[in-house]
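Trainee: Predicted structure and sequence below. I'll ask about it afterward.
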Amino acid sequence: SVNTQYFIFELKAELNSDKKEKKKEAVKKVIASMTVGKDVSALFPDVVNCMQTDNLELKKLVYLYLMNYAKSQPDMAIMAVNTFVKDCEDPNPLIRALAVRTMGCIRVDKITEYLCEPLRKCLKDEDPYVRKTAAVCVAKLHDINAQLVEDQGFLDTLKDLISDSNPMVVANAVAALSEIAESHPNSNLLDLNPQSINKLLTALNECTEWGQIFILDCLANYTPRDDRESQSICERVTPRLSHANSAVVLSAVKVLMKFMEMLPKDLDYYGTLLKKLAPPLVTLLSAEPELQYVALRNINLIVQKRPEILKHEMKVFFVKYNDPIYVKLEKLDIMIRLASQANIAQVLAELKEYATEVDVDFVRKAVRAIGRCAIKVEQSAERCVSTLLDLIQTKVNYVVQEAIVVIKDIFRKYPNKYESVIATLCENLDSLDEPEARAAMIWIVGEYAERIDNADELLESFLEGFHDESTQVQLQLLTAIVKLFLKKPTETQELVQQVLSLATQDSDNPDLRDRGYIYWRLLSTDPVAAKEVVLAEKPLISEETDLIEPTLLEELICHIGTLASVYHKPPSAFVEGSRGVQHKRIPIRSGSGESSESQDTGGAPGATEAPAAVIPSQGDLLGDLLNLDLTPPTSTAGAPPGPPMPMGGMDLLGGGLDSLMGSGFGAPAAVMPSSLNAPVGGGLGDLFDLGGGVGMPMGTFVPPKTLWLPAMKGKGLEIMGTFARRAGVIQMEMTLTNKAMSVMTDFAIQFNRNSFGLAPAGPLQVPTPLSPNQTIDVSLPLNNGGPVMKMEPLNNLQVAVKNNIDVFYFSCQYPISMLFVEDGKMDRQVFLATWKDIPNENEAQFQINDCHLNSDAASNKLQGSNVFTIAKRTVEGQDMLYQSMKLTNGICVLTELRVQTGSPTYTVKKTITNNKKH
């Protein structure tokens, strides 16, 4: 508009005024306009001209303008470079620091290279204020152009600054190096050793609060050599616990929690440290609610790792009437974690009080907490149950529903002890309208059907609106009616048929249909087996069902005081972008029995870098079958086929259950689809990995074990594995480690359909229950009689493993050489005729580099993996090996391997044929 143009014109005139005061006022007007969003970029050259001034206030304003518009006006911004260079040599350290700070904020590639010299000078400046500003500038510059920073040697200069005499320079150098190291997880930028740690600890006492946080966070990444060094660091960090800034306190707690692992528990200092940790954590709870919440989320983690720290501080977690709801709920959680026989009476009195509050969410959680107390402290169970019954008598709808949900868990923890209350529960059946409460009540009726005279009527009343119920209620209802039928078969035959029909024929939910068909098949073929499966004795539920899984807890302890500790999720779960997120672990004391867990499994280089891909729970994999309480089979005898199923005679189970139960692998060997004629590609790479095993004994190449299922995804179950071919049988070799706190039993395994029909040739034999921290090696023989479906990549195998805790899915890749059979050697004449007949589109060629075997050694090595040399000829100094191999499904692969004497590069031409007659 005309007004804007006039305004700009007026400002232009004022900026070029000879009077300093007028200039300063004009720049202020420009910044004010910029701040409210007006475009004043047209004034760029005029504002930049004002940089030539000794007035610090004016210079700051011009630099502010420059930072804002440099990106949109890169060509104009170059005009300012000379002033930067000049300002970096100004006698006033404030101006030198201002120049270097602004340089770091101008994110324009063209300009960055001009700023290297001024930055280099400022990094070695005599004034510490300039050096500390320059240290941060290196991190900013690295974000814009990492290569430039590395080439200019700025990283080495930063490392030198860690030894600086000024504590603030040390803190900023640490902060800058930590920032850079985050985007380069594998670079050893912060090369921490006892000498550099000593310098950091010295600086810790003298720098500002945020400097202390940078140094403490850096210390947390250090692993001490022994318990003596660990104790020394703890002693020097402990005074930070009394700091007024809560962030400093939490960073100090993080360092101490981490290094305590290295201290022997019988050490006097260990007990002293535990006592010192409690008061600062309690003090954090007197801050404003938002800070309290962050402190409580961190305390929740600390209490799970070391409950003894706060075991005498229960009262500070009692809820105040004016606490916000998010603080109340968090305090409740910690109260339960700290509940013990010593304080349970206090806790129960508090919880009963909370259950009469007006806040619905809080009351619900309080009622649940009473149930959790009963499960955690056995001596209090009776008092908890009578408290819950009192609450049910209040007839407050949501209180009744929560009480029923927790009473179900109490029944599971203490069977045959409190069932006398069932009658009271049944009186409240009509008031239940929430899925979880309805499902809990149905479970109670089904589980104790023999004690409830009208159990069939109660369950039938739920059946009337079956299709309107949630999936959770439908599944419970199906199981409860089947239990009832097995307990009272004569009276409930009609009821069970009705529910099976509703679940299988009228439902479109696959989970419900599958469970219905399994029960139908079980009941129609072998009612005795059905009774053993459905009415099997259930394991007692554990005390703390909501504990964070140990490996995740260890990682979160290393992130105390960060967002990860508030979300209770590892950074990789919520940090997006290119920055690599480092997985941190607590160090394990070298003398302790747990040390084996701390060592990285050496057999699998890079195993942890690429966690196995997780298969979606739905799809072809019959994961829901694994979810049943199936005991591992002891025989593989074929089971008699059941009567034809309803639904047009179609057997939806498709033998999936038989294979899981180990009852005969009746599926015919599937013929490979023609689409598999496509080149096998990288799958053959393992086989020709000739250089990898020089000096190894002859025989099939067995790759080292890699991580297939990390403990974090397997709820404490870690699986490492590989494949081997021994005596003509493919073996899946696995190492199972239990990193959870409870025993693991009832293992079973199943494969999804795959390119070569691989399937277990028997049940997964895990000889004993897997105790916490125990590791077992198992070998599972495979056959190729399973169903076939082309996978991407071709050698991909999707696996489901079930135990008493859950079903876990992962995928792994088997070396294609495992499929090469022992009778793959072709007759020479057949080889020649076949080679000529194969069309060009079935041919592929690739090179193998860095292989230092001659042709005879290569031929012998390959024969160990069933790759047979049919003929050999030498042409112009090149050995040409003609080889054949046959896959388990009869497909043949013919190759020509060219070996140039003295050259480490091989050329492979391979062709694939469906000819199965040789």
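Mentor: Structure received.
Trainee: Excluding chain neighbours, what is closest to A564?
Mentor: Computed as Cβ to Cβ, 6 or more residues apart in numbering, the closest residue to A564 that is not its neighbour in sequence is P571, at 5.1 Å. C-beta here means a position set from N, CA and C on the backbone, and glycine is covered the same way.
Trainee: Likewise for D777?
Mentor: Leaving out its chain neighbours, the residue that sits closest to D777 by Cβ to Cβ, 6+ apart is T735, at 5.4 Å.
Trainee: still on that earlier bit, local confidence estimate at the residue nearest to A564?
Mentor: At P571, the pLDDT value in this model is 86.
Trainee: Repeat that for D777.
Mentor: Model confidence at D777, given as pLDDT, is 92.
Trainee: Quick check: it vs Q765, distance?
Mentor: According to Cβ to Cβ, to the nearest Å, D777 stands 11 Å off from Q765.
Trainee: F466 too?
Mentor: Separation of F466 from Q765 (Cβ to Cβ): 41 Å.
Trainee: okay, those two: which has more neighbours?
Mentor: F466 (18 against 12; other Cβ atoms under 10 Å).
Trainee: Hmm, that one is touching Q474, no?
Mentor: Yes - the criterion here is Cβ atoms under 8 Å, and F466 meets it with Q474 at 6.5 Å.
Trainee: where do the contact lists of these two overlap?
Mentor: By Cβ atoms under 8 Å, 6 or more residues apart in numbering, F466 and Q474 have no common neighbours.
Trainee: And stretch 536-553, what's buried?
Mentor: By 16 or more other Cβ atoms under 10 Å, the buried positions in stretch 536-553 come out as I548, E549, P550, T551, L552, L553.
Trainee: Kindly check the end-to-end length of that stretch for me.
Mentor: 33 Å (Cα to Cα, to the nearest Å).
Trainee: ditto for stretch 39-48
Mentor: 16 Å.
Trainee: follow-up on the earlier one: what is the residue nearest to D777 paired to in the beta sheet?
Mentor: On the basis of DSSP bridges, T735 is bridged to M720, D777.
Trainee: That one: what's it in contact with?
Mentor: Applying Cβ under 8 Å, 6+ apart, the residues near T735 are K705, I719, M720, G721, T775, I776, D777.
Trainee: Distance check, R240 against Y326.
Mentor: Note on R240: its distance to Y326, by Cβ to Cβ, is 28 Å.
Trainee: Could you pull up the contacting residues of the spatially most central residue of the chain?
Mentor: Among the residues of the chain, the one closest to the centroid is M712, at 5.8 Å (Cα atoms, centre = their mean). Going by Cβ under 8 Å, 6+ apart, M712 touches E549, T551, L552, P570.
Trainee: Helix or strand next in line after the lowest-mean-pLDDT helix or strand in the chain, which one?
Mentor: Ranked by mean pLDDT, DSSP states H and E, the weakest helix or strand in the chain is helix 656-661, scoring a mean of 32. Moving toward the C-terminus from helix 656-661, the next helix or strand (DSSP states H and E) is strand 706-709.
Trainee: where does the stretch 601-750 of the chain have low pLDDT?
Mentor: Per-residue confidence for the stretch 601-750 of the chain (pLDDT under 70) gives these ranges: 601-700.
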